[in-house]
Each structure stands twice: as structure tokens, then as C-alpha cells.
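**Q** Got a sequence here, can you build the structure:
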Amino acid sequence: MKFTPAKPSLHGETLDSLGTRLAEAGEPAYRARQILDWLYKKRATRWDQMTNLSRPLRAWLADAFELEPHRPRARPPVGGRDGTSCCLNCATIR
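**A** Okay, the predicted model is just below:
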């Protein structure tokens, strides 16, 4: 089964793809560069840090995208018969 997130990560957008999405929402294309500057140069971790964007635009971004990149979920450690535990990324020694 393939994981499909509810909202795409903003980290997956290019300048062109974000510009297109913004244009469809009625925003000027230059906003894409501002947003990606916040993401990659200024390392914004919250929408409210993007102070040169309007509040309605930040609200639209929050509804349309996840700000954090999608990361795989860690599975709980698997316990061995000898009391040790190993995560699924560890090599199993038998």
C-alpha cells in the first residue's frame, strides 16, 4: 500500500509548480520565489514566520501544503528472545 498524504509537502514544489498553483489561487507569480526563499534560505518552520506574505496567503498555504517534509514513520523496536531489541533498519543476526 502506498502512503498518500492529505496535503502535499511544500518541499516537493518547484518554482514553476508553486507559481502555477499560486496563479490558480489569484496570487502573483513572484510570491513563489518569496515562499521558497522562506523555505530554503531562511529555514522557516512555521507559516507565521513568513512575515512578507499576507495573512490570507499564509492561511491558504497552510490549507494547501504541509510545511514540514514528509518523513517515514519509525516502527517500534522488535524484541528478541534474549531481551535485546532491534529496529527494523538493523540487520538481524541469527
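**Q** where are the low-confidence patches of the chain?
**A** 1-5, 69-81, 83-94 (pLDDT under 70).
**Q** Strands of that one, start to end?
**A** 78-79, 85-86 (DSSP state E).
**Q** and the gap between residue 65 and residue 41?
**A** 18 Å (C-beta to C-beta, to the nearest Å). The way it works is simple: take the backbone N, C-alpha and C, and place the C-beta from them, glycine included.
**Q** out of the two, which sits in the more crowded spot?
**A** The neighbour count for residue 65 versus residue 41, taken as other C-beta atoms under 10 Å, is higher for residue 65 (20 against 8).
**Q** what sits against the more buried one?
**A** Residues near residue 65 by C-beta atoms under 8 Å, 6 or more residues apart in numbering: 7-10, 13.
**Q** Just want the phi and psi numbers for it.
**A** Main-chain dihedrals, residue 65, degrees, to the nearest 10: phi -140, psi 160.
**Q** And for residue 66, the neighbour number?
**A** Residue 66 has 15 nearby residues by other C-beta under 10 Å.
**Q** I'd assumed residue 17 was in contact with residue 29.
**A** No - assessed by C-beta atoms under 8 Å, residue 29 is found out of contact with residue 17, at 11.6 Å.
**Q** May I have the residues that are in contact with residue 60?
**A** residue 25.
**Q** Could you check how far residue 21 is from residue 57?
**A** Residue 21 is 12 Å from residue 57, by C-beta to C-beta.
**Q** and what of residue 39?
**A** Residue 39 is 14 Å from residue 57, where distance means C-beta to C-beta.
**Q** again, but for residue 6
**A** 20 Å.
**Q** which of those two has more neighbours?
**A** Each of residue 6 and residue 57 has its neighbours counted (other C-beta under 10 Å); residue 57 has more, 19 against 5.
**Q** Now do the contacts for that one.
**A** Contacts of residue 57 (C-beta under 8 Å, 6+ apart): 27, 31.
**Q** what does the one 4 residues further on give?
**A** Remark: with contacts taken as C-beta under 8 Å, 6+ apart, residue 61 is in contact with 10, 35, 47, 50, 53, 67.
**Q** This completes my enquiry, with thanks.
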